[in-house]
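In: Okay, here's the prediction I keep looking at, along with the sequence it came from:
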Amino acid sequence: MHVDEESVRPVLNRLRRAQGQLAAVITMVEDGRDCKDVVTQLAAVSRALDRAGFKIVASGMRQCLTDDSDAPAMTQEELEKLFLTLA
């Protein structure tokens, strides 16, 4: 499955944001910051990663439904399994 560039750009932005947030969490842990602050930021990282994953799956689903190429389309079961790995 190939995701078009229009869909890739926002995913990469989300992943880069999550990468920065994760680096901040690591620094917070190293600095001995309050557990509540660390967990709050870690939850933000998790949400950012989930959103990136959902965007990838949604783009793939849309593309699989409209793709006219010779590449084998994903079955409904494969799409469901892919989606549920993020749930």
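Out: Perfect, I can see it now.
In: From now on I want contacts and neighbour counts done on CA atoms only, so please keep to that.
Out: Noted.
In: just how off-centre is stretch 21-41 within its chain?
Out: Computed by CA atoms, centre = their mean, to the nearest Å, the chain-centroid distance of stretch 21-41 equals 21 Å.
In: One more: stretch 39-55?
Out: 8 Å.
In: which parts of it are buried?
Out: If you call a residue buried by 16 or more other CA atoms under 10 Å, then stretch 39-55 has these buried ones: 41, 42, 44, 45, 48, 49, 50, 51, 52, 53, 54, 55.
In: What's the mean pLDDT across that stretch?
Out: Computed over stretch 39-55, the mean pLDDT rounds to 90.
In: quick one: pLDDT of the residue of the chain positioned farthest from its centre?
Out: Seen from the C-alpha centroid of the chain, the residue lying at the greatest distance (CA atoms, centre = their mean) is residue 32, 28.3 Å away. Looking at residue 32, its pLDDT is 96.
In: got it, and residue 1?
Out: Note on residue 1: pLDDT of 48.
In: cool, residue 12 as well?
Out: According to the model, residue 12 scores 90 on pLDDT.
In: Could you list every helix and strand that the strand or helix carrying residue 16 packs against?
Out: In this structure, residue 16 is located in helix 5-30 according to DSSP states H and E. With contacts defined as 3 or more CA pairs under 8 Å, 6 or more residues apart in numbering; DSSP states H and E, the packing partners of helix 5-30 are helix 35-66.
In: Beyond the helix it packs on, next helix or strand please.
Out: Per DSSP H and E, the first helix or strand lying C-terminal to helix 35-66 is helix 76-84.
In: That next one relative to helix 35-66, how many degrees between them?
Out: Per axes from the mean of the first three to the mean of the last three CA atoms, to 10 degrees, the angle that helix 76-84 makes with helix 35-66 is 160 degrees.
In: Check the offset of helix 76-84 from the chain's centre.
Out: Worked out by CA atoms, centre = their mean, helix 76-84 lies 15 Å from the chain centre.
In: so what does that helix touch, helix or strand wise?
Out: Secondary-structure packing of helix 76-84 (3+ CA pairs under 8 Å, 6+ apart): helix 35-66.
In: The helix it packs on to helix 5-30, inter-axis angle?
Out: Using the same axes, to 10 degrees: helix 35-66 against helix 5-30 is 160 degrees.
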